[in-house]
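A.B. asks: A predicted structure for the sequence below; I have some questions about it.
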Amino acid sequence: MDFFNKLGKKASETYQVTKEKTVKFSEEMKLKGKMNEAKNKITNLYEEIGEHVYHQYKTNTEEGKEEITAKCEEISKQFDEISKLETAILSLKEVKKCSQCGAEINQKDDFCPKCGKEQPKKVEVKVETQETQKDIQEAEVTEIKDVSKDANPNQEEE
């Protein structure tokens, strides 16, 4: 009877591990899909900007400059979104990128096994994606500034 209990327990554990891996894989695929959508938007925006610039060239005018600026700002937003999605994917994989060589390394590593560079310490921050989905991500702390010595907003100027 003990054999069947152990077998059942082992099967249950295996199921849980498989379930967790499947959920992570599914979430990673969703994030990659969103990244591809953002990259496609960027490609379309580049094409639209090119058409506007060519139209300006052919007509020898400066019309549509505001439209081009708006499209460029949208491209910047899409690149920011891609960066957030990449961070979320790394977090799902429980890896990070080396600050020097860019190799994927374990989140807990203090030094890169590829280049030996010491890695910055991590702190948890909340990252919000375009769909207002909140994911807890890790961010690198590269500089800490003591703002208490700067102007205190509660103090009145004399």
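C.D. replies: On my side now, so go ahead.

A.B. asks: just the helices in the protein please.
C.D. replies: Taking DSSP state H as the test, the helices found in the chain are 2-59, 65-93.

A.B. asks: highest average neighbour count across these?
C.D. replies: Of all the helices of the chain, helix 65-93 carries the top mean neighbour count, a mean of 15, counting by mean count of other CB atoms under 10 Å. Just so you know, the C-beta spots here come from the backbone N, C-alpha and C atoms, and that holds for glycine as well.

A.B. asks: list the helices and strands that one packs on?
C.D. replies: Secondary-structure packing of helix 65-93 (3 or more CB pairs under 8 Å, 6 or more residues apart in numbering; DSSP states H and E): helix 2-59, strand 122-128, strand 134-140.

A.B. asks: Put together JSON lines for these, with distance to residue 81 on each row.
C.D. replies: Output for the helices and strands packed on helix 65-93, formatted as JSON lines (distance: least, CB to CB, whole Å):
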{"stretch": "helix 2-59", "distance to residue 81": "5"}
{"stretch": "strand 122-128", "distance to residue 81": "10"}
{"stretch": "strand 134-140", "distance to residue 81": "13"}
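
A.B. asks: thinking again about what came up before, switch the helices of the chain over to TSV; also include mean pLDDT.
C.D. replies: Listed next are the helices of the chain as TSV, based on pLDDT from 0 to 100:
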stretch	mean pLDDT
helix 2-59	91
helix 65-93	93
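
A.B. asks: Would you format the ones you listed as CSV with distance to residue 106 included?
C.D. replies: Formatted as CSV, the helices of the chain follow (distance: least, CB to CB, whole Å):
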stretch, distance to residue 106
helix 2-59, 16
helix 65-93, 10
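
A.B. asks: Please parse this structure into its domains.
C.D. replies: The chain breaks down by automatic domain parsing into domains covering 8-93, 95-144.

A.B. asks: For residue 2, find the nearest of those domains.
C.D. replies: Judged by CB to CB, the one of the domains of the chain that comes nearest to residue 2 is domain 8-93, at 10.5 Å.
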